[in-house]
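S.K.: got a sequence here, can you model it:
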Amino acid sequence: MGSVLRAKALAADEEFIPSEKAPLLLNFNENSLGMSDLAKEAVIRCLDGAFRYPDALRSELAEAIAAKFDLNERQVVLGNGSSEIIQATIEAFSFAAQKRVEPVQLIVPDPTFDFAELYASSLGISVVKVPLTQGSLAIDLEAMKAQADGFDGFSIVYLCNPNNPTATITQASVLNPWLHQENSRTAFIVDEAYAEFVTDPAFRSAVENVKTGSPNVVVTRTFSKIYAMAGLRVGYGLADAKTAAMIRNFVSIDNLNVAGAVAALASLKDEAFFERSLQSTNLARKIVTDTLDELGIRYLPSEANFIFHKIKGEHQLYKERMAQAHVFVGREFAPAVGYSRVTLGTPQEMRAFVRVLKSFRQKDWI
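M.R.: Coordinates of the predicted model:
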């Protein structure tokens with residue numbers, strides 16, 4: 001929170017200097033622009049009625065999300081962040097498979113956002129990790145499909161698109177043939193937490209598969225990233241109505257609070273904020289990539305609000321040196337060693353980051 005308040009308090013031309021009391025937090029892919037002013041006002045206004053349960057607001061938000069994607073509200077599942085939707089989807093599909101006395105496995109790229117793996121492991125579900133391709137660090141769909149095809153049971157496939165931590169997309173021309181394949185033994189969770197940041201025309205949202213009635217495709221999205229609402233925990237899943245009803249059985253009752261609901265509703269209406277959030281991220285990305293280019297540091301093409309770039313030497317040492325400069329970056333994401341993930345903060349924050357990066361180059365640390 002301190003990072004958000006600090007960034008908002010700075011004048012447009014004021015330089016930000018990280019310090020012990022005001023560190024630069026670039027480690028959790030948060031949106032330090034802070035949420036929409038309309039969302040903040042909605043939260044304040046809702047407090048007088050916060051003693052009521054959020055049922056009516058839940059319905060209103062589900063309707064608004066459905067309208068945004070041209071779906072029916074019965075195809076929307078609300079969650080305490082998109083992470084709850086991932087958890088509930090794994091539970092729902094695995095429970096259905098167990099009733100059919102079928103073994104279940106979860107197939108994930110490696111590395112990727114690991115919540116699906118953690119949830120599956122807690123249920124005793126076998127997890128198959130498929131390394132990213134060499135060089136480009138792309139999701140190896142062929143190898144993942146081979147794992148599903150060779151399994152005598154039910155497979156749940158988790159795909160983060162754009163992927164975290166690489167920030168790269170899986171192109172629709174590569175992904176869609178598998179998603180379109182009619183196979184009752186495979187279900188897909190397509191995590192599109194960062195989809196709003198994508199500009200590459202080769203990307204296409206898996207919501208299109210939901211619209212065509214695919215019962216085995218669940219798309220998860222969140223208000224945490226583009227709408228800067230990470231602390232209010234509002235996410236959602238989009239699926240065929242029957243699949244959505246099955247997943248809804250595994251989410252907690254009243255899992256959405258009043259403040260989160262009104263903030264999400266206000267954010268959906270605030271198109272000016274959406275554009276400002278995009279512009280801020282795009283400018284922040286350019287500030288970083290220009291410096292990486294200048295320093296000759298390799299990085300993957302980013303379609304999200306973070307960048308995966310090469311480092312020199314041990315990641316832990318790099319991370320410690322950054323922390324000494326009051327900058328916090330992401331952990332190491334083995335097996336993709338030799339890279340660091342840095343979240344894109346505000347343009348002012350990223351100017352501070354590249355100053356630190358350049359000072360590291362002068363010391364031959366990067």
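
S.K.: tell me where the stretch 1-150 of the chain has helices.
M.R.: Here the stretch 1-150 of the chain has its helices, by DSSP state H, counting those that start in this stretch, at 2-9, 37-46, 55-68, 82-99, 115-122, 141-149.

S.K.: how about the stretch 251-366 of the chain?
M.R.: With helices called from DSSP H, counting those that start in this stretch, the stretch 251-366 of the chain shows them at 258-269, 271-295, 315-324, 347-362.

S.K.: what inclination does the third one have with respect to helix 347-362?
M.R.: Helix 315-324 and helix 347-362 are oriented at 120 degrees to each other (axes from the mean of the first three to the mean of the last three CA atoms, to 10 degrees).

S.K.: does K211 touch L71 like I think?
M.R.: Yes: between K211 and L71 there is a contact under CB atoms under 8 Å: 6.9 Å. (C-beta placed from N, C-alpha, C; glycine too.)

S.K.: and these two? Which one has more around it.
M.R.: A direct count of neighbours by other CB atoms under 10 Å for K211 and L71 places L71 higher, at 20 against 15.

S.K.: now do the contacts for the more buried one.
M.R.: Residues counted as contacts of L71 (CB atoms under 8 Å, 6 or more residues apart in numbering) are I65, V207, V210, K211, L238.

S.K.: dump those to a markdown table, plus secondary structure, pLDDT and distance to L292.
M.R.: Shown next, in a markdown table, are the contacts of L71 (DSSP: H, G, I helix; E, B strand; the rest coil; pLDDT from 0 to 100; distance: CB to CB, whole Å):
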| residue | secondary structure | pLDDT | distance to L292 |
| --- | --- | --- | --- |
| I65 | helix | 98 | 36 |
| V207 | helix | 98 | 32 |
| V210 | helix | 96 | 36 |
| K211 | helix | 95 | 38 |
| L238 | strand | 98 | 35 |
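
S.K.: buried subset of the residues you listed as a ChimeraX selection?
M.R.: Under the burial definition 16 or more other CB atoms under 10 Å, those of the contacts of L71 that qualify are selected in ChimeraX by:
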select :65,207,210,238
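
S.K.: farthest-separated two in the contacts of L71?
M.R.: Of all pairs drawn from those, the greatest distance, 13.8 Å, lies between I65 and K211 (CB to CB).

S.K.: so what's N176 up against?
M.R.: Here N176 is in contact with R204, N209 (CB under 8 Å, 6+ apart).

S.K.: any idea how far it is from V198?
M.R.: Separation of N176 from V198 (CB to CB, to the nearest Å): 15 Å.

S.K.: re earlier: among the helices of the stretch 1-150 of the chain, which comes closest to D254?
M.R.: Judged by CB to CB, the one of the helices of the stretch 1-150 of the chain that comes nearest to D254 is helix 55-68, at 7.7 Å.

S.K.: from the contacts of L71, which is closest to T289?
M.R.: V207 (28.6 Å).

S.K.: pretty sure the closest one is in contact with Y236, am I right?
M.R.: No: contact criterion CB under 8 Å: V207 and Y236 do not qualify, at 11.3 Å.

S.K.: show me the residue at the heart of this protein, geometrically.
M.R.: Of all residues in the chain, the one closest to the mean position by CA atoms, centre = their mean is A193, 3.3 Å from it.

S.K.: the residue nearest to it when sequence neighbours are not counted bridge partners, please.
M.R.: With sequence-adjacent residues excluded and distances taken as CB to CB, 6 or more residues apart in numbering, A193 is closest to T222, at 4.9 Å. Note on T222: beta-bridge partners by DSSP bridges are G235.

S.K.: identify the residues contacting T222.
M.R.: Taking CB under 8 Å, 6+ apart, we find T222 in contact with G81, S82, A193, V234, G235, Y236.

S.K.: for the last one, what are its contacts?
M.R.: To tie it back to what came earlier, the one meant is Y236. Counting by CB under 8 Å, 6+ apart, Y236 touches A62, I65, V76, V77, L78, G79, S82, I85, T220, R221, T222.
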